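Participant: For reference, the sequence and a predicted model appear below.
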Amino acid sequence: MHKDELLELHEQMVMIMEYFRSLEQVDAGLFDAYDELDVTPDDVHMSKSEHKHAVFVLGNSLATAMSEDEFSDAGRVGKRMQELAEDAENKL
């Protein structure tokens, strides 16, 4: 995936995150791990690897927001996103 495509994906995922943040039933701290990275789609000067890591961390949080439990489809996606985020972090 090219960096511009990754930035577009990142931007779309942030819009989904903002939707979930607007819901009352979603834990307010769910996206703290993503926020702590301080990497946004607007940070075009940051490396592709940093954006990739941010996308995986955000994907994990989004899957958690959508999952009923860790064994649901979204829960399994969340688990895989967590693994990918850890792998991407190790490559930074």
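Facilitator: That came in fine, so what should we check first?

Participant: Go ahead and flag the most central residue of the protein.
Facilitator: Computing the C-alpha centroid of the chain and ranking residues by Cα atoms, centre = their mean puts Leu58 first, at 1.1 Å.

Participant: for that residue, what are its contacts?
Facilitator: The neighbours of Leu58, taking Cβ atoms under 8 Å, 6 or more residues apart in numbering as the test, are 10, 13-14, 17, 31, 34. Where C-beta positions appear, they are placed from N, C-alpha and C, glycine not excepted.

Participant: roughly how far apart are it and His10?
Facilitator: Distance, Leu58 to His10, by Cβ to Cβ, to the nearest Å: 8 Å.

Participant: for the chain, what are the low-confidence residue spans?
Facilitator: Along the chain, segments meeting pLDDT under 70 span 68-72, 74-75.

Participant: please redo it, this time with the cut-off set to 90
Facilitator: Applying pLDDT under 90 to the chain flags the ranges 1, 23-28, 63-85, 88, 91-92.

Participant: Do you have the helices of it handy? List them.
Facilitator: Listed in chain order, the helices of the chain (DSSP state H) span 3-22, 32-37, 48-66, 73-90.

Participant: so which of these is the most packed in?
Facilitator: Mean neighbours per residue, mean count of other Cβ atoms under 10 Å, is largest over those for helix 48-66, with a mean of 21.

Participant: Just the angle for it relative to helix 73-90, thanks.
Facilitator: Between the axis of helix 48-66 and that of helix 73-90 there is an angle of 160 degrees, by axes from the mean of the first three to the mean of the last three Cα atoms, to 10 degrees.

Participant: That concludes my questions; thank you for your assistance.
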